[in-house]
Structure formats: C-alpha cells, structure tokens
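Chemist: Sharing a model that was predicted from the sequence below.
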Number of protein chains: 6
Amino acid sequence: MSNKLRFGLPKGSLQDATIEKLAKAGYNIQVSSRSYVPYVDDEELEIRLIRAQEISRYVEHGYLDCGITGHDWIMENGSKVHEVGEFLFSKVSRRPARWVLCVPEKSPVKSVKDLQGKRIATEVVNLTKRYLKKNGVKADVEFSWGATEVKAHELVDAIVEVTETGSSLKANNLRIVDELLSSTPRLIANHTAWKDDWKRRKIETMAMLLKGALDAEAKVGLKMNIAEQNLAKLLSDLPALRNPTIANLSLKGWVAVETIIDEKVVRELIPQLKAAGAEGIIEYPLNKVVY
Amino acid sequence: MSNKLRFGLPKGSLQDATIEKLAKAGYNIQVSSRSYVPYVDDEELEIRLIRAQEISRYVEHGYLDCGITGHDWIMENGSKVHEVGEFLFSKVSRRPARWVLCVPEKSPVKSVKDLQGKRIATEVVNLTKRYLKKNGVKADVEFSWGATEVKAHELVDAIVEVTETGSSLKANNLRIVDELLSSTPRLIANHTAWKDDWKRRKIETMAMLLKGALDAEAKVGLKMNIAEQNLAKLLSDLPALRNPTIANLSLKGWVAVETIIDEKVVRELIPQLKAAGAEGIIEYPLNKVVY
Amino acid sequence: MSNKLRFGLPKGSLQDATIEKLAKAGYNIQVSSRSYVPYVDDEELEIRLIRAQEISRYVEHGYLDCGITGHDWIMENGSKVHEVGEFLFSKVSRRPARWVLCVPEKSPVKSVKDLQGKRIATEVVNLTKRYLKKNGVKADVEFSWGATEVKAHELVDAIVEVTETGSSLKANNLRIVDELLSSTPRLIANHTAWKDDWKRRKIETMAMLLKGALDAEAKVGLKMNIAEQNLAKLLSDLPALRNPTIANLSLKGWVAVETIIDEKVVRELIPQLKAAGAEGIIEYPLNKVVY
Amino acid sequence: MSNKLRFGLPKGSLQDATIEKLAKAGYNIQVSSRSYVPYVDDEELEIRLIRAQEISRYVEHGYLDCGITGHDWIMENGSKVHEVGEFLFSKVSRRPARWVLCVPEKSPVKSVKDLQGKRIATEVVNLTKRYLKKNGVKADVEFSWGATEVKAHELVDAIVEVTETGSSLKANNLRIVDELLSSTPRLIANHTAWKDDWKRRKIETMAMLLKGALDAEAKVGLKMNIAEQNLAKLLSDLPALRNPTIANLSLKGWVAVETIIDEKVVRELIPQLKAAGAEGIIEYPLNKVVY
Amino acid sequence: MSNKLRFGLPKGSLQDATIEKLAKAGYNIQVSSRSYVPYVDDEELEIRLIRAQEISRYVEHGYLDCGITGHDWIMENGSKVHEVGEFLFSKVSRRPARWVLCVPEKSPVKSVKDLQGKRIATEVVNLTKRYLKKNGVKADVEFSWGATEVKAHELVDAIVEVTETGSSLKANNLRIVDELLSSTPRLIANHTAWKDDWKRRKIETMAMLLKGALDAEAKVGLKMNIAEQNLAKLLSDLPALRNPTIANLSLKGWVAVETIIDEKVVRELIPQLKAAGAEGIIEYPLNKVVY
Amino acid sequence: MSNKLRFGLPKGSLQDATIEKLAKAGYNIQVSSRSYVPYVDDEELEIRLIRAQEISRYVEHGYLDCGITGHDWIMENGSKVHEVGEFLFSKVSRRPARWVLCVPEKSPVKSVKDLQGKRIATEVVNLTKRYLKKNGVKADVEFSWGATEVKAHELVDAIVEVTETGSSLKANNLRIVDELLSSTPRLIANHTAWKDDWKRRKIETMAMLLKGALDAEAKVGLKMNIAEQNLAKLLSDLPALRNPTIANLSLKGWVAVETIIDEKVVRELIPQLKAAGAEGIIEYPLNKVVY
C-alpha cells in the first residue's frame, strides 16, 4: 500500500465539478455505473466517491489518506484532520456556501435570542447546537432529512440551511436571521498519512496542480501591441498589469505586452487599455497558473 | 435606478447561447427555476428573460433599457428603438435566419404574384402583410400558433416561415418562393436610456466586450517558427497573416511569427504555411479579440 | 462528382466524438434528426453517417470515397481499402479498444486450447474464426446480437468481446484468457479515390488537420520566465522541453521560455520547473499542433 | 371524400388526454414522430393534430369536418361552427379552465374599472377587448407570447390568463380580479359537414361513444349482497342507488344488488351501505356508460 | 433442475410489452438494472432476458426450456423448436410485423425479378437468400447493422425491412415491392422440455393464462337491461351477442343481459343496442377470458 | 381548524404509489412543482408531503393529525402515535421491507456476536443500537448518508440496510447475517386527534376506503357458467371460491357463479375450474373490496 494514495471525492452535487477540476489539474477520472471504484490515469491513486458529509470522518479514521470536502462538514463532524488547502470551485458566484439561520418573512423572530424554547430543523445538528450554546439559547434541534426550507413555515420555528446566492430562500419567502458558518471546499489529509513522506509529497503535488488549475479558471492571458513611447504610461496607469512580459517586435518602436490577469477585471480593463493606445488586444484562456 | 441597467435577454431557443456568449464577454448569469430574475455577477445590471418576440416592445416602452433580440421581431413589432449593433451567434453556419415564403414542392405557385386571393399562415403577420402590399398582392394572412410547415400542405396555400439551413423545409417537402427578410441578433436600446450618459457608456462597454467575445469565436491564434530568410516570402505570399507579431528567437536566424486569423481560413492556410517553410505551427483558442 | 468527397463517419457511440474532433480540425458538421444527410460547412464534402461496422464495406465498394472506422471492423469485414492514418480519440484512457477472449472467473478454461468443441459468442465472427484456426482449435462461433457479456455465464462457454479499461468485464465477473486484436480508429480511403489527385489531396489535408487537432488534445502550451543564468541548466535537466522558443524580455537577464509538451508529463514537470527557478508558469490549451 | 370524416384533435397539452379518451371510446390513434398524419384504426376517419387555438378556424373554413377544442378558443376566434357537445376531460379537478383577470397581490387595482388607460397582456386578445368594451373600460391589450404570469409584476398592469386550480397564480403572487370566461372542451362541426347525413351520423356516433367513455370515468359499478328483508330500507335510505339491478341468489333470503353510481359519492356511500347491512361490497371500473 | 422452467423473454423493444402481458397472466416480473436475472413471483420459473433474434437458438440448444420470440427470427435462425402458440401483443393495430422488400419510390425495380445481380441489405440474411432462391434471382445479400431504410437510397439497390403500419417506410420515401414473411410473437419450447411432463404442463398452463390475458385485451364485458318482450328480437338481430347470460331482475318483465364481445365491434354495436330497446348499457374491462 | 384533517404523505420513493392508492380510495391529489401544498378534491383534508423518515415525528408533535409512513421509521424515531392500520403497497413482491445486518460475502462475521468492537454504518442508528444492546454487543454505529452498501466492503465492518427482494445486496456481494426489523406502511394518528370524534371518524373512513382499494389490488372478480349438476362438486372441490354469488340463468340447468378471489391463486385455479366443467370463465378487475 506504500505507493498508493487513497483519495476521497464528494459524491453527488459536487462530484462533476470536482472531477472536471481534477482533469484540469491533470488527473483524468472515469466513473462507471457498473463499478464503485472510478478509473484514474495515475497508478499511484485510488479514488473513492463518498458523500461530502462523510469524507472527513473516513479521512480521520484513516480509511482514506486524503479527500476533498466542505469546511462545513469537517466542522459538523468535528473531524481531526490536517487541512492542506482551500479550493474555490463555483465559477459563477465564487461565493462560499453559507449556513444561515432562517425564519419565514413574517415571523416575529428577529435574532437567535428569540428562539429560546423553540424548535429548529437542520442537516447540521452539531453546528447548530454549538451555535445556540455560544449564544446562550436553549432550543430543540432536530435532524432534517431534506426539504428543510418548506418546514420553516409550519413544522418548526426556524431552520438552519445552506445557501449560495440566497435565491432559493427568497423563493420560499424566508428571511435570514444570522449566519453560522461560511464554507468552502478543502483538501484534507489524515494526520498519519501527512507524516508519510511519499504520501505528503504526492498530496502537495496534487494540491499545487489543482490550485494551478483553479487559479487558471479565474484568470486569463492578455496580449496587446503598443508603441514603446506609450508603454511607461500604460504600465503606471494600470497596476493590474503587474509583471508583464514585454517582447520586442521586429516593427521598430512597438512592443508586445503580455500578462496574466484576473478575468473579472477584464471588463473594466479593456476599455482603459484601448484608451491608453493598446492595439490588437487579445484574451486567451489558461489551463494552469503556477507562480 | 440611476445606477442600474435593465437588460432583456431572449427566453427560449436563443437563451442558452446568449447566456454563454455573455459569460464569454465577462458577465456570468445564473438562471434559477425558482425565480424569474436571473442572478448576474454585476450589481449594475438587472437581467430579464423575455420571449424574443416581445423584447423590442418592452425596450420601446422603456420597461427595459436595452435587450438582445432578432432583427425580424423588431421589424414585425415596428418598434422604435436604437440599434446598438449586430451580433452573430450561431457557430456552425454563421448564416442569418431567413423568413421565406414557401409552398409545397408540387404547388403551382411560382411567385408571390400567384398568391392573389389565397390564404397564408405565419408567425410574422405584419411582415407578411407589408411584403404582400409591396408586391401588390391581396391575400389573407392568418397568425399561426406553431407547426406552420405542416399547414402548407392542406390548410393554407402558402406559409412564411423562418429557416437557417433550409433542411427542415426540405424535410417537409416545401419549396422556397421568395425571401422576405434576413435576420440576425441585435442589441437594441431604449431611446431615452441611450441619451443617459451612464447607461449609454454601460451599454457600449457591454457591446464592445460581447463583440470581442463573438469575434474571438470566429478567430484563432496561430504561432509558428520560420527561418528569417523565408519570412519575407511567407508574408508576401500569405496576406491572410496580416500584421503578425514577429519576435526574435535566441536561435540565430529564426523568428517566431504570431497572428490572429479567421478560423475558417485555417484549413486552407496550414498546408500553405508548411509549404512555405514554417515549423512547429500551433493554433490556440481565444476568449476575446478587440482591435 | 469530381469536386465532391463522400466521407463516411461512424454512427452511434463514436459519432459525437468524431464530429467534435472534425470541428476541431475545422470542419463543422450539424446532424439533423429530420434529414439523414448532415450539414457540413465545406461544399466539397458530403457526409454520411453509417454504422462503424459497415463503413469499410462501403468504402471498399466505392459508395464512399473515404471514412473513419475502427481497425477491428476493417479486419472483420476483410475490406480491401487504403489506410490513410491512425487516430486516437479517447482522451481519458488513450488506450486502444481490445477484442479479448473471456470466460467466467471460475471457468476451468485457461487458454484458447481448452475451447476445443465448445461454443463461443461474439460480434466479430470472422475475426474469431480466424483466431481459432490459427490456434488449431475447432469450436462453434455464433453471432451475438448484444449483451454478450451476460451470455458467458450460462449460454456459451466463452465470448470474444471488446473492452477499453476492462472494468465492464470485471463487473461481470469475467476473466480475460487472450487478446485477439487491439484496435484504433483509422481513416481509410477507397483505392480508386486514392488515385484521383483531387480526392487524395483533399483527404490528405483533412488527415493533416485532424491529426493536428488530435495531437493538440494530448499537448499543451507551457510558458515561464527564468533568469538567463539558470536557463542552460533548466534545458539540460529537462529534456521534455525540447525545442523551446526563447524570447528576450525587456527586463535584463530574464528570458521567456515557451514550448509545447505532452499534457500527461505536466503533472511531473511543473514541480521540477519550479525547483529549477522558473517563475510565472502558465499552461494554455491548444487547438492544433502541426510539426 | 364522401366516406371520410376529417377530424381535428388538439396538438399539445390536451393531445395525450384526447387520444386516451378516444381510445376508451373505441378509436385507437397512433401518433408518429415521422409523419404528421396519425394512424387511426377506422378507415372512415382522417385525424389531424392542430393547435387548440386554431382548430375552430379550420373547422369553420371546412378544412376539417369536425374537431375537439376549447370553448375559449372558439370564442376568441369568433368561429361560426356547430357545437355538437361538451366533454369534460380532467379527472382530478373536473373543473373547467377559467380565463381570469389578474394583478399582483399588492396592486391597487380592485376591479376592471381601475384599468382605464392601463396595459394588459394576454393570449386571448379578442376576448379581452370584448370584455373591456362590455365594462366600458379603455385599455391597451397586447398579445403575450408566453410566461404571461411573470409580466404582471413589472411589464404590464394586469394580465388575462387561464387557470384551473389557481395554484400557479398563487405561486406567482397574483390576485384574481374577475373571471372573463369559463371554458370546457367541445366537439364542433363544420356547418356544411353537419348537413351531410353520413358525416352527421358518424359524428353523432363518435360523440355518443366518447360521452359514454367520459361518463364511465366519473362512474363505477357497485355490487353487494343484502338480506331481502333489509333491501327496501336500503333503497329508500340511499337514493343514490337509483335503478339498481336486483338479482335473486340461490341462497334463500338474499339478493345481489348492482348499480352504477358517481365515483365521487362512493367515499360517502360505502360506510352507509355497511351500516345498512350490505355485505361483500365491491366496486369495479367501467369503460363506457350509455343510458 | 426438475422443478424449474427456464423461460426466455425478448430483451429490447418487446420487453416491456411482454412483461406487462405476463403480469396480466398472473406472473409478476421485476427487472433490475443491477442483476441480469429478473425477479419473478413464481419459484418454479427462471426468467432470462435475451435478444429476440437469439431466443430460438437457445431454446433449440436447450439452454432455455421455452421462450417468447417472433416467428421471423425462428425462421431466420432455422431453429428446430416446438411451437406452443401464437400471441398478438400490439393493441393499436393488432397487425403482424411484415418483412418486406423495399426500394426507393423512384426506383425502376418493379418486382423481385428486377434484382438479378443487385445488392440487398437486411437484418434477415437467411430469409432473404431463401426468398431470392425461391424466385430464381441471384443477388448479393449483405447483413445490415441498422438504419437499413436509409441505405436503400444510395448504398444498396433494395432492402428487406420489417414494418408494422408502413409509416416509417413512407416517411423514408420507400415503396414496398413484395412481402417475404408476416410474423407474430410465438411461445416456443425445446423439444426435450416438451416431452417432460412437468415442464409441458407448466408451459401449457402459462400459455392458457397468457392467452386468456391477451384475449381479454381485445374483449370487453357488456351489460344492459331490456324488457323481456324485446329480448328475442335483440338476440336474433345481433348475433354478436353470442351466448349471453340472461338473469331475471326483480322488476317484472325485465331481464339483465350480459355478454363478452370483441371490443372492436362495440362502436358499431352500442347504437344498435339502443335502437333495439336496451337501457343502462355499460361496458367494463376484463383481465382474462378463458373459454 | 375543527373541520380540517392534516394528513402527511411520504415524499420521495413511496410518494407516487401513495397518491395512486389514495386516488383508488377516492381521494384525488395533485402535486404541483410550484407549491408545496398539494391539491386534494376533499375540502376537509390538508395534504402535506414530508419525508417518510420524519412523518411520525410530526404526527407525534401534532403538526399533522395523521400520516402514512413505514413501521421502521416509527420505531427508529420512537414516536408515540396511534397506529390505525397496516397497508401493503408493493404489487410485485407484496413482501415487507426488511432491515438486515449485512457483511461482505467473504467476511468472517457469522453472527452479530462477531461484531464486538467493530464499526457499523446505517441510516437507522437507533434501531441498530437497540438491536446490538439486546444482543449484548458493543460496537460503533455511525449514521450513513447513503450508498451504504458500498461502505461494507472497506469503510466499515458491517451495515444495516433495507431490502425488499435482496437483489441489490446480492449485486453488491453482501451476505445477510440477521434481520432486525420487518416493516410495512402504516397509517398513524396523533393521540389527541384520535380522541377528536370528527377527526377519528374521518380517519377511519379513509382507512376503510384505502384498505378497500388495496385489498382490491390483490383480488379479482371471477365469473363462469356451469351446469347445475356440476355445481356442488365444484364448490366442495374448490374452497377458494368461498361465498360465491350464484344466479339462475334463463338457460335451464345452468347457473352463473361469481366470486371474488385472491389474484395470486388465479393461475392455479383456472385450470382446475376448466377441469371441473366451468365455461366462459372471465376475470375482471376491481376498484375496491369491502367486506
């Protein structure tokens, strides 16, 4: 087993995104409906697909050497694991998942203090109990098997539910009272595995490549030509173009400027570049960025 | 409301393509089945999804500041709006949608003149009436709720229907008699919004980025190495390589040539480049091209 | 017909992959459910979608000028055609399809010799008969219409089935006894068409572009900056960086190194590059690579 | 054509229900995706599938001899046709479709009178205009291509929309101001066809069988045994058991009572029957009921 | 094995219909995606799902005791099996599947004689060869792996294809030249199994119940009341009411008439029954009919 | 609220079956994707769809007056509710769901005693803990969020999982060690609601009708004619025909025998009836059977 790393990936809603990101990192995984062990094109890896809620538990116990799961479930399970790094997956909002305390819009509940003696439904029973304790509130917390949002209206007094953009809460006429936890995906490792040199190096390499791939999703390459005389002003006016590669062109007096920038500033930047005299601006996609 | 731009996107068949193109332009939109207001990662925008047939009407009335819809529906509705620009979406054919007058293959109708006193079914009643009037033909035009192609065979004498490649008409054994209108997607703005400085600049920026993204779909980056002595001939023989960036390599006597060209000429060009002595030719994808 | 090339593509499981690869090569094909002749944006081409099992037969007879199909079916049909080239499609495993002789895990059969007088089910009856003959074994070979794997357990004594990763065989508790044939997609041409100058040049151009597109899937562009003093060591230590383009930067003492490498070595290479002093490493995708 | 009846069925949301009901009436129809003329196992019939909105128009013009469509679209089109009968299709609610005038829950509009000078979106433009005229209200009525409910909140002041249970309106936070029309499916005939003896008899037979099948859906057969001495009281107490068939049993003093009743009273009736001494009560389904 | 009957059912297009009919016969089968042996609620049965094309082969060899498959594939395979009975499955058309020789509508081929020296594609190679031989025609017959209809237009001169209603042939612009074989589903048994008393009785019982269930699909129960004085005329006028059960009602002078008739005559019969004085006519569905 | 009964139905896998059965009982429910309160055609009912795991909890607390859920979840939750009755839903197997202790086929574990100090994953943590305690075994029990079967092979030592036919366990190569609980659907009521006269009568009526509908699924009506002289022997030989209704026919010497029997004996009975001289045997379906 010394040359195998057992890696747990979250089955379910994050599964496709995780597999896609790992492919970008260079690890191609193929899930078969006929077998519960996915194929991966790296003989040093063994992939297991496990519910995100349970990964930290199996990493802690050592059944997995490492895994990707949410910060929320590591906290909920109270798992003792080594956290290797944080990874942001969602391209659209790039916002973390938030576990929030919600009540119906017309509820008299204004703060967690108003929940004394009430009943709360949630999938994260431990997180909720700790939160209530911290706030000095005593309330019944019951495990919700699903459709938690609907329960807030008549079955319980409040819920603790996860949201990204808040639109599902709004559609259910729920009001956010407080936020318990903000959660992002993490790569975690078993403490013993992390002390094994080979495993640690393997995990660190994968983390570097995965980070390179995720960083690349939020960045783009930008190239443009500019007259040498305008270059200094361009660079001083636009600090976003940090550390550009500047190459001489055969055309006298012109240089090619190339840099990597955050994709989200492009929509502000391109109009400014044009104004500063840049020509032939092109933006191209990246697979990985490693500084 | 002064810092909000209300933007109408076409719901339905063009919806996914439009959202994908706007993402390439830098505006990420997330449609929720639970809410009719899509999420967009720009706080200055408010997105509305509305049927393409109706967008120009609501832009004209000012309920929307601007929107993307087809030239055909702007004409059909006779909407008084400012046209900001034309955008070609379809990658495969890059051909505009055409509204054509069709009859069954075996119909005696040879030209619009033969439709005097006949019955025509169409979704574009106004366009059709104007077309008939222009041709001095009197005929009944009735609104078709769908499946118009099938009607041409027994319920009416002719139809006016939209087609891109003509293959659906052929499959229904229909013959094109005439073309009424060729239509492409347009970005349109309400006249008052267009006079508002902030809104106009916002619209123009979006138009520039969207155009950059669409242009990039039809173009690719091309790089190759060539001996300096062959460079002049290469450039004179291949005018498609306009304005290449030529960088010196450390290897004496060789240069790197890089340019942006129309993707559709690549299949002609690459064999010619090889013949001219180019080596290590690579083609890479682009996100945006802004001249 | 002199300016038309009739090109057969495999209908079914390989269809989408083939169309996607041809799009990358520069030929955009649109399959319509209403018409059996797909649209292609090249007037010199006529596309036909035909089952992979039959393409070589129709190329041999001249109904098609050329086509893409598996080596296995060319062999099974014994078709006399010109093989233009081999193309690897599957990104995940990049492994060829293998036709293997299988028996249930608990079967006493250990080699093909043990099949004397037995019964074998397969879709490739001719290949199997030839294989048995070569091995001096007499056995009944019957055509299997599908679900061949299930038959091995009670309806026949062995099967000859195709597999890529072997996981479906494992899920059916089957053991591989021998391999009959390893097969990859091929571009084949009719012998007469191949002698026609125009057709041959057209086929060769398409082969070159398709190969360029497929090669590009297995490769990536890599760029980095490095201090000039570290360059020589970097290049000698890392032979994978063959023939890099080295451009001078305006920053004295630093150069930009750019090269095209196999994507599958990236995950080994990037940690080594960092160790060797490379900075700002970026990996970008390619559309085509033509040497 | 004298022995053919051309029958129009509503394409779309009512299509499957209509075909199922006609099958119960004894006419089996098979719709093919490859042909726009459905197969029917009656050589005297020719079926056409046409949008419900258009059927009355084509019946009026004589392209169809008869058809099934909603009362609402007959009214909207103002078609001059013979109405053969009314048919209730929906099993769950058995409630007619209602076209209602709606506004957002918080709108100040309380009655149609408050819409003077306002804008209304609807699919039934003619019905709405007539309704406004009858109420002496002048307002703009614009054709809505779909998603009408969403428009009420910001694009127009009110909508006229169809609803069955009202739950979709409630989900969109809309309030019903008034009802314009209550609509049920109708069998209609062209006036000339109705005067043709053969066609009229054919239509009447189909109407009788279709009515028999629809009536049977709302009814069930009920059988029970009862001691003869309790029979008179049973029948007088339970008038719902009208005209039962009473058969002597071989067991002296007992009779079998059998009748056809509305399915919706069964849930009240069975407890009463048991109380009245009935034994071995069984309920069985019916295909047709013709009085 | 003495108390087990191994029963082959056709996998694929007939599968759901066959399982539904067997459920009506009283044998409930549950197919699992996880197991290739379906569950059946009869411990004396072992079900196997096998392609219709192959069942007769495995029944002949004794791997199956009996099975349901088409007459066509028994003939194509030339299997020596005992035919227990014929079963009609399709409710809509109740027409057998027909294997027909087809050519494009505009083909000069008028009869099989015109195919001398030509090429024919088909899935039933043996049937086609025997048919050609019988007609004294020599032609190449090649196995078609699918989409045979499309081939008739350019790849071969004619096809032999299966059709039920002919509508798919018409949609492909094909003309039927001749019919080779009309085929219906058959229950077949292995000759040795048929000689085993227990197996034969089991097969016969299943055949009787399956026939009872299929007969019941084509029949309905009909009940009505009629005045005794009208009864004789009713019965003599309507021979379709053969062997009715006539029960006395407690209402003097009236009888209840009940019978089982073909469902397809109901649409003619009910109007006649009403004319003859019948009242309270009800039609009810049947599960099984065994004479 | 006095005239409303709040009724909880299980959301998810049992949902469609429950709604279908209630429709057969006479209560038509329509679930809307837009609203979490389903429509029901009885104004005295309010339906709530809640996960089966949670219904007993909400019935106990009085948020629901009654509900349908499994015996297993009532036990797991330890809910104090009134059990009104047991209802069997699954037609195919009619077997209860069984919660079983499973281990991999090759596990050394032979009985629950072998699990001392081991780890068990299950969705029914409380049931499992009670079971272990009863057997004097100490083991870790952890909640499984799903895919429990896969865990047994490497993540835990045993699982407690639900099964109906056992085929999924077999497909996962698991062996049943013991059965903890056999569970069927139950109608349960809140203790206070059960003491309310109106609610109790309403619940009892619904229970009677639902039981009548479910009983009817397992039974069929059987009718046949027989010569009076053979009747006595028929009845004595076939006790399954208990309490038949025997009606005189107008044909002298013949009687009609009609009875209700278990559908599962039909396949044995019909051959015996024919042997005993019965003629014209028909089997018909039932909607409800209430003794």
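Modeler: Perfect, thanks for sending it. Numbers count the residues shown, from 1 in each chain, chains lettered A, B, ... in the order given.

Chemist: Was I right to think A:Met75 contacts A:Tyr131?
Modeler: No. The pair A:Met75 and A:Tyr131 fails to qualify as a contact (C-beta atoms under 8 Å) at a distance of 10.6 Å. C-beta: built from backbone N, CA, C; applies to glycine.

Chemist: Show me which of these two is the more surrounded one.
Modeler: Set A:Met75 next to A:Tyr131 and count neighbours by other C-beta atoms under 10 Å in any protein chain shown: A:Tyr131 wins out with 22 against 18.

Chemist: A:Leu187 and chain D, how far apart?
Modeler: Using C-beta to the nearest C-beta, to the nearest Å, A:Leu187 is found at 42 Å from chain D.

Chemist: Return the residues in contact with that residue.
Modeler: A:66-68, A:83-85, A:87, A:203, A:206-207, A:210 (C-beta atoms under 8 Å, 6 or more residues apart in numbering or on different chains).

Chemist: hmm, try it at 7 Å
Modeler: Residues near A:Leu187 by C-beta atoms under 7 Å, 6 or more residues apart in numbering or on different chains: A:66, A:68, A:84-85, A:87, A:207.

Chemist: So which of those residues is the closest to chain B?
Modeler: Nearest to chain B, judged by C-beta to the nearest C-beta, of the contacts of A:Leu187 is A:Phe87 at 18.8 Å.

Chemist: what's the neighbour count on that closest one?
Modeler: Neighbours of A:Phe87 using other C-beta under 10 Å come to 18.

Chemist: Skipping adjacent residues, who's closest to it in space?
Modeler: Nearest residue to A:Phe87, sequence neighbours excluded (C-beta to C-beta, 6 or more residues apart in numbering or on different chains): A:Pro185, at 4.8 Å.

Chemist: ok, now A:Gly253?
Modeler: Nearest one to A:Gly253, counting by C-beta to C-beta, 6+ apart, is A:Glu228 at 5.3 Å.

Chemist: All the helices of the stretch 1-150 of chain A, in order from the start?
Modeler: A:15-25, A:52-61, A:71-77, A:125-134, A:148-151 (DSSP state H, counting those that start in this stretch).

Chemist: okay, these, which one's buried deepest?
Modeler: Sort these by mean neighbour count, taking mean count of other C-beta atoms under 10 Å in any protein chain shown, and helix A:52-61 sits at the top with a mean of 24.

Chemist: packing partners for that one?
Modeler: strand A:5-11, strand A:66-70, helix A:71-77, strand A:185-189 (3 or more C-beta pairs under 7 Å, 6 or more residues apart in numbering or on different chains; DSSP states H and E).

Chemist: Just the buried positions in the last one, please.
Modeler: Of all the residues in strand A:185-189, those buried under the rule 16 or more other C-beta atoms under 10 Å in any protein chain shown are A:185-189.

Chemist: which one of these sits closest to chain C?
Modeler: Distances from chain C to those, taken by C-beta to the nearest C-beta, are shortest for A:Leu187, at 15.6 Å.

Chemist: show me what contacts the residue nearest to the closest one when sequence neighbours are not counted?
Modeler: Distances taken as C-beta to C-beta, 6+ apart put A:Val84 closest to A:Leu187, at 4.3 Å, once the chain neighbours are dropped. By C-beta under 7 Å, 6+ apart, the contact set of A:Val84 is A:187-189, A:203, A:207.

Chemist: what's the answer for A:Leu235, then?
Modeler: A:Leu241.

Chemist: Validate this expectation: it resides in a helix.
Modeler: Yes. Counting by DSSP: H, G, I helix; E, B strand; the rest coil, one finds A:Leu235 located in a helix.

Chemist: roughly how far apart are it and A:Tyr291?
Modeler: 19 Å (C-beta to C-beta, to the nearest Å).

Chemist: any low-confidence regions in the stretch 101-250 of chain A?
Modeler: Low-confidence segments of the stretch 101-250 of chain A (pLDDT under 70): A:250.

Chemist: What residues does it have near chain B?
Modeler: Applying C-beta under 7 Å from any C-beta of the partner chain, we find that the stretch 101-250 of chain A lies next to chain B at A:165, A:167-168, A:170-171, A:220, A:225, A:247-250.

Chemist: Tell me, how many residues neighbour the residue nearest to A:Thr184 when sequence neighbours are not counted?
Modeler: Of all residues not flanking A:Thr184 in the chain, A:Pro96 sits nearest, at 4.6 Å (C-beta to C-beta, 6+ apart). A:Pro96 has 17 neighbours, counted by other C-beta under 10 Å.

Chemist: Return the residues in contact with A:Pro96.
Modeler: A:Pro96 touches A:182-184, counting by C-beta under 7 Å, 6+ apart.

Chemist: who wins for most neighbours among these?
Modeler: A:Ser183 leads the contacts of A:Pro96 on contacts (other C-beta under 10 Å) with 21 neighbours.

Chemist: Report the contact partners of the residue lying closest to that residue once chain neighbours are set aside.
Modeler: Once flanking residues are discounted, A:Ser183 sits nearest to A:Asp72: 3.8 Å by C-beta to C-beta, 6+ apart. Contacts for A:Asp72 (C-beta under 7 Å, 6+ apart) come out as A:97, A:99, A:124, A:181, A:183.

Chemist: I'd like to know which of the helices and strands packed on helix A:52-61 is closest to E:Leu45.
Modeler: Distances from E:Leu45 to each of the helices and strands packed on helix A:52-61 were compared using C-beta to C-beta; the minimum, 37.0 Å, belongs to strand A:5-11.

Chemist: which parts of chain A sit against chain F?
Modeler: So chain A meets chain F at A:11, A:36, A:51, A:53-54, A:58, A:63, A:145-147, A:150, A:154-155 (C-beta under 7 Å from any C-beta).

Chemist: Check these and tell me the two furthest apart.
Modeler: That would be A:Tyr63 and A:Glu154, which, of those, are the farthest apart (C-beta to C-beta) at 40.9 Å.

Chemist: Nearest to chain F: which residue in the stretch 151-291 of chain A?
Modeler: Closest point on the stretch 151-291 of chain A to chain F, by C-beta to the nearest C-beta, is A:Leu155, at 5.1 Å.

Chemist: That residue - that's part of a helix, no?
Modeler: No. Going by three-state DSSP, the assignment for A:Leu155 is coil, not a helix.

Chemist: Could you tell me how many residues sit around the residue in the stretch 101-250 of chain A positioned nearest to chain E?
Modeler: Across the stretch 101-250 of chain A, no residue is closer to chain E than A:Gly146, which sits at 23.9 Å (C-beta to the nearest C-beta). The number of residues packed near A:Gly146 is 14, by other C-beta under 10 Å.

Chemist: where exactly do the helices run in the stretch 151-291 of chain A?
Modeler: All helices of the stretch 151-291 of chain A, identified by DSSP H, counting those that start in this stretch, fall at A:167-171, A:191-195, A:197-217, A:228-237, A:263-275.

Chemist: residues of the second one that come out buried?
Modeler: Of the residues in helix A:191-195, those with enough neighbours to count as buried (16+ other C-beta under 10 Å) are A:193-194.

Chemist: Quick check: A:Leu101 touching A:Ala158?
Modeler: Yes. Under the criterion of C-beta atoms under 7 Å, A:Leu101 makes contact with A:Ala158 at 6.0 Å.

Chemist: The two: who's more crowded?
Modeler: A:Ala158 (27 against 24).

Chemist: do you know how far the spatially most central residue of chain A is from chain B?
Modeler: Centroid-nearest residue in chain A, with C-alpha atoms, centre = their mean: A:Leu88, separated by 2.4 Å. Look at A:Leu88 and chain B: by C-beta to the nearest C-beta, they are 14 Å apart.

Chemist: Am I right that that residue is in contact with A:Thr184?
Modeler: Yes. Here A:Leu88 reaches A:Thr184: they are 5.9 Å apart, a contact under C-beta under 7 Å.

Chemist: who touches the residue of the stretch 101-250 of chain A closest to chain E in this structure?
Modeler: The neighbours of A:Gly146, taking C-beta under 7 Å, 6+ apart as the test, are F:Arg51.
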